[in-house]
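[1] no sequence on hand, only this structure:
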């Protein structure tokens, strides 16, 4: 079993790279908006009930998948490095998979704000993430999140052995997926 934790700021290309990585490996993509967009029609984005349900669905999926005979999973996540709760969440995911003997791979993506704002409005992103279709809100969320959260790690902050940081500013998603596959022999 393998878990690829694919993280970085909003609109950096996590889901798109995840789709490409899914095509060239036996990994299954679980992008973070699969649960967010499931819950949002019933509870406001970020509400107490909404967050609780998103966490519950993710937790159940992680636990069931980690015990399965599947090859592995790609999970995408916006990790706020300045929030203890996000570190704890990532550690809890790792524990679920490691308990079942899984290998964990950390892949961090980074790109400039202007590139991310352009990617924010691509048809692929909007097709797969209904909550991002309000472009004005989504663009504002990207900009204001940068003021509250540090969404890329500092040098040496991630201590995991299987860690790869990729600046995908000028790379196509299939190039990034190929680099991840090759680096970790997936």
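    Ah, there it is. Owing to the predicted nature of the structure, the values given are computational and were not obtained by experimental measurement.

[2] select the longest helix from the protein.
    Of all the segments of type helix in the chain, defined by DSSP state H, the longest one is helix 48-66.

[3] hmm, residue 37 is touching residue 131, no?
    Yes. If you go by C-beta atoms under 8 Å, residue 37 and residue 131 touch, sitting 5.5 Å apart. All C-beta atoms are positioned from the backbone trio N, CA, C, and that covers glycine.

[4] residue 161 falls within a strand, correct?
    No. Assigned with DSSP: H, G, I helix; E, B strand; the rest coil, residue 161 falls outside any strand and is coil.

[5] need the pLDDT of it.
    The model reports residue 161 with a pLDDT of 92.

[6] could you do residue 124 as well?
    For residue 124, the predicted pLDDT is 72.

[7] which strands and helices sit next to the longest strand along the chain?
    Longest strand in the chain by number of residues (criterion: DSSP state E): strand 103-110. For strand 103-110, the packing partners by 3 or more C-beta pairs under 8 Å, 6 or more residues apart in numbering; DSSP states H and E come out as strand 2-7, helix 84-99, strand 163-167, helix 173-184.

[8] make a markdown table out of those and add mean neighbour count and distance to residue 24.
    Below are the helices and strands packed on strand 103-110 laid out as a markdown table (neighbours: other C-beta atoms under 10 Å; distance: least, C-beta to C-beta, whole Å):
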| stretch | mean neighbour count | distance to residue 24 |
| --- | --- | --- |
| strand 2-7 | 24 | 12 |
| helix 84-99 | 15 | 21 |
| strand 163-167 | 17 | 15 |
| helix 173-184 | 18 | 6 |
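
[9] so which of these gets nearest residue 150?
    helix 84-99 (10.0 Å; C-beta to C-beta).

[10] centre of the chain to that closest one, how far?
    How far helix 84-99 lies from its chain's middle: 14 Å, per C-alpha atoms, centre = their mean, to the nearest Å.

[11] now do that helix and strand 2-7, the angle between them.
    Relative orientation of helix 84-99 versus strand 2-7 (axes from the mean of the first three to the mean of the last three C-alpha atoms, to 10 degrees): 170 degrees.

[12] contact partners of helix 84-99?
    Identification of contacts with helix 84-99 by C-beta atoms under 8 Å, 6 or more residues apart in numbering yields 1, 3, 5, 59, 62-63, 66, 75, 77, 79-81, 104.

[13] for the next helix or strand along the chain from the longest strand of the chain, packing partners?
    Using DSSP states H and E, the next helix or strand after strand 103-110 towards the C-terminus is helix 113-119. Using 3+ C-beta pairs under 8 Å, 6+ apart as the contact definition, the elements that helix 113-119 packs against are helix 135-148.
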